[in-house]
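**Student:** the following block contains a protein sequence and its predicted model.
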There are 2 protein chains.
Amino acid sequence: MAQVTQGTQLQRAIQGEITPQMQRVAERDGIDAELVRSEVAAGRMVIPANVNHTALDPIGIGKAASIKINANIGNSAVESDIDGELEKLHLAIDHGADTCMDLSTGGDIDGIRQAIIDDSTAPIGTVPIYQVITSMEEDQDWTAEDLINMIEHQAEQGVDYMTVHAGILVEHLPLVNSRITGIVSRGGALMAQWQLEHHRQNPLYEMFDAVCDIAVKYDVTLSLGDGLRPGCLADASDEAQFAELETLGELTKRARERGVQVMVEGPGHIPMDQIEMNVEKQQELCDEAPFYVLGPLVTDIAPGYDHITSAIGATMAGIAGASYLCYVTPREHLGLPNAADVKQGVIAYKIAAHAADIARGFPGARDRDDALSRARFNFDWNEQFALSLDPETAKQMHDETLPDDYFKTAEFCSMCGPKFCSMHVTREIQRTTGLGEIPLELKQ
Amino acid sequence: MAQVTQGTQLQRAIQGEITPQMQRVAERDGIDAELVRSEVAAGRMVIPANVNHTALDPIGIGKAASIKINANIGNSAVESDIDGELEKLHLAIDHGADTCMDLSTGGDIDGIRQAIIDDSTAPIGTVPIYQVITSMEEDQDWTAEDLINMIEHQAEQGVDYMTVHAGILVEHLPLVNSRITGIVSRGGALMAQWQLEHHRQNPLYEMFDAVCDIAVKYDVTLSLGDGLRPGCLADASDEAQFAELETLGELTKRARERGVQVMVEGPGHIPMDQIEMNVEKQQELCDEAPFYVLGPLVTDIAPGYDHITSAIGATMAGIAGASYLCYVTPREHLGLPNAADVKQGVIAYKIAAHAADIARGFPGARDRDDALSRARFNFDWNEQFALSLDPETAKQMHDETLPDDYFKTAEFCSMCGPKFCSMHVTREIQRTTGLGEIPLELKQ
């Protein structure tokens, strides 16, 4: 089944080739194919496209493209099965997720992953160490070879991008001691535990060239995990975080030199005023590799609403130059997201990505807003719903008080009623006196 | 019943008096009472505190105070009654709203308002023109005197602050012609219609001194309404909006000269990259009068989720210098918010205000975040819930998968399960090898 490519998208871009994947990325984002090629060649854009993921409709991740969002799905040992995960996959994609990560850590992991890849037109990402751990009796029994073999196994299955926690080094670990929440990346914590248990350096760091060779073979995009990302506002922007980021910068260069597409992961939890600085630092240290951020959450006091606390930070990150936003659901910190949580997370992140695209002036980003606003002013309710991120919810909220068809063209809703609708009044003025018809001499 | 004060908070602050209200504001925000006095004297802070609102526990609104949030309640002609509105009032205050505006436009408006004022420890605001309109057979039959009389009537009832659309002038109206959504302020649209119908200048502008006299008599804080606020991204920051803002700056000075506490209202819908500029412009044109913004929404494409689209903008506005955030509920643009919508709006705005307070370095703002993060790392689930903005929702989401009491101290939740909890792994490391115990010589 393994298939050898004529080179990764990066290698082919450097050679001057505009691949079918680059063509498609350009078409989907309404940008120039040659721009896509040159951005991929420069490492500022990645196109996660495993040669074995046949159902894929590729996307581009990078500053020249529209901002993309990721939905994490996957079960835990406590919950969920294959049908539940496929339901989440389709729900996420239907509501606008650009990619999905399968983070399953329990049950038939291989079966779930293959079903997801076969079913998904969106790129699929994984964190290979999770499956290594689930297959062990004792958490720390795995070897570097187990991990490399797992990466190859998942690459062969068709995984488009993989998080590798290759940047968390043994010398970074003491820097974590003063933190409130320690290590909050699952992969980072497991990697740290292994290093301390075995008195060994990070095996992914030591065997990074072997990881790159697999990535080139299947054109897997490497997503350099931030194992030391902060888990609360107090821990943000600390020495541990930035020491690892420097290593990620070094690994970015090493990967690119071997022809591997690479992006870099970022936090997590950051006060709003530090977000721009964080993005700029990553862009500088990692030679403008696409920045893939998790949120960040801008406060820690709202469990149950972390899709909102993090969408605020994600919008800011997008404006500052992050290209790829990993969603957070309302159930973050509390439990495994169910299908309803996945939907809430995706919608919140569509809002963040879109608002950031508008603010940074991405061409045509505001067109849909303007079309919806016109429909709103024209009281074309059905058109308003159709242009909404979630037509079903918008319609249902409207119809709860005014369900009749008659109200689908009515010049008011139940918020203000017929007498107090400002847009209705404006239209009345336009139909009668007109706004421009101001008498030069006013009565006293 | 009407009671004459010894002067407004502004007048007394200028005279050097620290009033009981200023003392209370200082105590609630953990700031110095003399700072409160000097900020009120400079017009940079207001304390809406009608002398007839006996149940009031006052708050301060201004840059030296913590950022405050407002919840709009009130019925429309289509929906709701007195019990429904009192339920919304208590729900809003219980979840952290600092003030409520009663925007009722139907039914027993006087009765609803009096019940709300009698019941509320939070300042209550209104928009007097609404009640004028509801009492007319024909919308445009009212006179300037009707409006002045209504302002006095509501002031006597104990309303703490009132929105007056005194800045929308007849010469501004042609500037609206090129907009997509015209005039979207209810008060602004009604005022424009009256001006065009009667060929008269804005009566609130012409009789502004009489409005100020009533405001002084009861110490009603004037909230200068932005009748020409933009109703969509395309209309943001346009000539109409800023022409009115200049007039609001002029009225701010006139009000202060007469001893009236005054704040200024702002949009609405603004792309994220224009928010800071909008706040700076208001602060400059209105001599640093507290800025009271409605959102702003940073995209128009998410009806059903406008508590999120606007909380993003509100956070940014707070960081840029807005002192007071008017919430938007999920049902904005679709219908009158019900109790559940009110709660969602309040929580989203508590998040925005708090995240902005942290980002602008308000003293002690992050303490609760740090306490919750410590509880999180200690797996003290009950303490985590207790410190949350919405303990009930946080607990319910957690308990949905792990309801037993045993799990309230378990070192994992259903998100990752026992084997993959990063914080559990960190604690395991701390209990065994320790993060600081790095061997100087690693094995190869």
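**Tutor:** Happy to help now that I have it. Numbers count the residues shown, from 1 in each chain, chains lettered A, B, ... in the order given.

**Student:** CA atoms for contacts and neighbours, from now on please.
**Tutor:** Noted.

**Student:** quick one, strands of chain A?
**Tutor:** With DSSP state E, the ranges of strands along chain A come out as A:45-46, A:61-62, A:68-73, A:99-102, A:124-126, A:161-164, A:221-224, A:262-266, A:291-294, A:324-326.

**Student:** of these, which is nearest chain B?
**Tutor:** Closest to chain B of the strands of chain A is strand A:68-73 (C-alpha to the nearest C-alpha; 10.6 Å).

**Student:** what's that closest one packed up against?
**Tutor:** Packing partners of strand A:68-73 (3 or more C-alpha pairs under 8 Å, 6 or more residues apart in numbering or on different chains; DSSP states H and E): helix A:82-94, strand A:99-102, strand A:324-326, helix A:339-359.

**Student:** out of those, nearest to chain B?
**Tutor:** Closest to chain B of these is helix A:339-359 (C-alpha to the nearest C-alpha; 5.0 Å).

**Student:** which strands or helices does the closest one pack on?
**Tutor:** Checking 3+ C-alpha pairs under 8 Å, 6+ apart, helix A:339-359 ends up next to strand A:68-73, helix A:82-94, helix A:306-320, helix B:306-320.

**Student:** buried ones in it, by neighbour count?
**Tutor:** Using 16 or more other C-alpha atoms under 10 Å in any protein chain shown as the test for burial, helix A:339-359 gives A:339, A:341-359.

**Student:** what do you get for stretch A:366-386?
**Tutor:** Of the residues in stretch A:366-386, A:366, A:369-386 count as buried by neighbour count, 16+ other C-alpha under 10 Å.

**Student:** only C-alpha atoms, please: export it in CSV.
**Tutor:** Output of stretch A:366-386 as CSV, limited to C-alpha atoms (Å, rounded to 0.1, in the frame of the first residue of the first chain):
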residue,chain,number,x,y,z
ARG,A,366,-16.1,40.7,4.5
ASP,A,367,-18.3,39.8,1.4
ARG,A,368,-20.4,37.4,3.3
ASP,A,369,-20.9,39.9,6.2
ASP,A,370,-22.1,42.5,3.7
ALA,A,371,-24.4,40.1,2.0
LEU,A,372,-26.0,39.1,5.3
SER,A,373,-26.3,42.7,6.4
ARG,A,374,-28.1,43.6,3.2
ALA,A,375,-30.5,40.7,3.7
ARG,A,376,-31.0,41.9,7.3
PHE,A,377,-31.9,45.4,6.2
ASN,A,378,-34.2,44.0,3.5
PHE,A,379,-35.9,41.8,6.1
ASP,A,380,-35.2,38.8,3.9
TRP,A,381,-35.1,36.5,6.9
ASN,A,382,-34.6,33.3,5.0
GLU,A,383,-31.6,34.8,3.2
GLN,A,384,-30.2,35.9,6.6
PHE,A,385,-30.5,32.4,7.9
ALA,A,386,-28.9,30.9,4.8
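
**Student:** from the chain's centre, how far out does that stretch sit?
**Tutor:** Taking C-alpha atoms, centre = their mean, to the nearest Å, one finds the center of stretch A:366-386 at 27 Å from the center of the full chain.

**Student:** contacting residues around it?
**Tutor:** For stretch A:366-386, contacts defined as C-alpha atoms under 8 Å, 6 or more residues apart in numbering or on different chains pick out A:358, A:387-388, A:391-392, A:394-395, A:408-412, A:423, B:180-182, B:232-234, B:299-301, B:303.

**Student:** now swap in stretch A:114-131 and tell me
**Tutor:** Here stretch A:114-131 makes contact (C-alpha under 8 Å, 6+ apart) with A:48-49, A:53-59, A:82, A:85-86, A:89, A:93, A:98-105, A:109, A:147, A:150-151, A:154, A:157-164, A:187.

**Student:** quick check, distance from the worst-scoring helix or strand of chain A on mean pLDDT to the centre of its chain.
**Tutor:** Across the helices and strands of chain A, mean pLDDT, DSSP states H and E gives its lowest value to helix A:422-431, namely a mean of 88. In terms of C-alpha atoms, centre = their mean, the centre of helix A:422-431 is found 42 Å from the chain centre.

**Student:** and it, what does it pack onto?
**Tutor:** With contacts taken as 3+ C-alpha pairs under 8 Å, 6+ apart, helix A:422-431 sits against helix B:186-198.

**Student:** show me the contact partners of the helix it packs on.
**Tutor:** Contacts for helix B:186-198 (C-alpha under 8 Å, 6+ apart): A:420-423, A:425-426, A:429, A:433, A:435, A:438, A:443, B:127, B:129-130, B:140, B:165, B:168-170, B:173, B:183, B:200-202, B:225-228.

**Student:** same question, stretch A:148-164
**Tutor:** Applying C-alpha under 8 Å, 6+ apart, the set of residues contacting stretch A:148-164 from outside is A:1-2, A:48-53, A:114, A:117, A:123-129, A:131-132, A:204, A:210-211, A:214-215, A:218-225.

**Student:** which among those count as buried?
**Tutor:** Buried among those by 16+ other C-alpha under 10 Å: A:48-53, A:117, A:123-129, A:131-132, A:204, A:211, A:214-215, A:218-225.

**Student:** pull the number of nearby residues for the residue of the stretch 251-400 of chain A found nearest chain B.
**Tutor:** At 3.7 Å from chain B, A:Leu336 is the closest residue in the stretch 251-400 of chain A, using C-alpha to the nearest C-alpha. A:Leu336 is flanked by 27 other residues according to other C-alpha atoms under 10 Å in any protein chain shown.

**Student:** so it makes contact with B:Ser414?
**Tutor:** Yes. With contact defined as C-alpha atoms under 8 Å, A:Leu336 reaches B:Ser414; the gap is 5.2 Å.

**Student:** please pick the buried ones from the contacts of stretch A:114-131.
**Tutor:** Among the contacts of stretch A:114-131, those classed as buried by 16+ other C-alpha under 10 Å are A:48-49, A:53, A:56, A:58-59, A:82, A:85-86, A:89, A:93, A:98-105, A:109, A:147, A:150-151, A:154, A:157-164, A:187.

**Student:** now, the contacts of stretch A:366-386 that are in helices?
**Tutor:** A:Ile358, A:Leu387, A:Pro391, A:Glu392, A:Ala394, A:Lys395, A:Met423 (DSSP state H).
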